[in-house]
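# I would like to see how this sequence folds:
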Amino acid sequence: MRSIEIPRNFHDIEIEAAAALDRGVILLCSGEPSLQPKIRIGANTYINRNAFIDASLEITIGHECAIGPGCYITDHDHGTELGLPPLAQPLISKPTQIGDRVWLGANVTVLKGVTIGADAVVGAGSVVTKDIPERAIAVGAPAKVIRYRQGAGMESTDQLIKSLQQ
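Below you'll find the model as predicted:
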């Protein structure tokens with residue numbers, strides 16, 4: 001752990017063994033303290049410089065993930081009721097889940113309620129607004145799947161698509 005910032009509610013954070021958080025990482029838990037951790041970071045996960053994890057309900061980051069520099073991961077946003085200033089709007093929260101062995105490139109934004117499946121890769125600068133399946137490679141704003149990872153023990157993209165269609 002290098003110089004990270006936990007502005008409040010440090011007891012709402014669970015970091016498993018051998019996780020590494022680099023300089024400038026911010027872990028922010030908003031709202032009342034919870035009985036369950038609001039931020040969970042899995043074993044052997046690395047969170048690079050200046051990443052910001054912003055939780056009001058629940059953010060889970062799996063084991064052996066690589067979170068690039070400048071990433072922003074959240075589980076909430078504010079309402080949009082006309083006549084209320086932005087900070088007077090109620091928080092709208094939904095759990096955000098990042099599976100095991102996920103790689104987020106530099107400056108990726110992951111929004112509330114998103115699940116990113118195990119072994120997925122999200123390209124630098126992408127904005128994840130919807131779920132990303134396991135082994136997908138997704139890029140863009142909003143992030144879209146461009147292909148699937150293949151390798152030892154992994155089905156080809158054609159086999160995966162056929163199995164999903166059945």
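# Thr80 touches Ile92, doesn't it?
No. Using C-beta atoms under 8 Å, Thr80 is not in contact with Ile92; the gap is 9.3 Å. (Glycine included, C-beta is placed from N, CA and C.)
# tell me which of the two has more neighbours.
Using other C-beta atoms under 10 Å as the criterion, Thr80 and Ile92 rank with Ile92 on top: 15 against 9.
# for the more buried one, helix, strand, or coil?
Assigned with DSSP: H, G, I helix; E, B strand; the rest coil, Ile92 falls in the strand class.
# if I pick it, what's in contact with it?
Applying C-beta atoms under 8 Å, 6 or more residues apart in numbering, we find Ile92 in contact with 76-79, 112.
# show the model's pLDDT score for Glu32.
We have a pLDDT of 86 for Glu32.
# no wait, Leu87
At Leu87, pLDDT is 89.
# quick one: secondary structure of it?
Classification of Leu87 by three-state DSSP places it in helix.
# not counting sequence-adjacent ones, nearest residue to it?
Nearest non-adjacent residue to Leu87, counting by C-beta to C-beta, 6 or more residues apart in numbering: His78, 7.3 Å away.
# beta partners for that neighbour?
Counting by DSSP bridges, His78 is bridged to Leu91.
# now Ser3. Nearest residue, chain neighbours left out?
Nearest one to Ser3, counting by C-beta to C-beta, 6+ apart, is Arg23 at 4.9 Å.
# am I right that the one you found sits in a strand?
No. Counting by three-state DSSP, Arg23 is not part of a strand but coil.
# need the helices for this structure, in chain order.
157-165 (DSSP state H).
# between the two ends of stretch 58-68, how far is it?
Terminal residues of stretch 58-68 are spaced 20 Å apart (C-alpha to C-alpha, to the nearest Å).
# show the contacting residues for the residue nearest to Ser3.
Shown in contact with Arg23 (C-beta under 8 Å, 6+ apart): 2-4, 49-50.
# mind giving me the ChimeraX select for the residues you listed, buried ones only?
Filtering these down to the buried ones (16 or more other C-beta atoms under 10 Å) takes a single ChimeraX command:
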select :49,50
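# between the contacts of Arg23, which sits nearest Pro33?
Among the contacts of Arg23, Ile4 lies closest to Pro33 (C-beta to C-beta), at 19.5 Å.
# isn't that closest one right up against Leu21?
Yes. The pair Ile4 and Leu21 passes the contact test of C-beta under 8 Å, sitting 4.9 Å apart.
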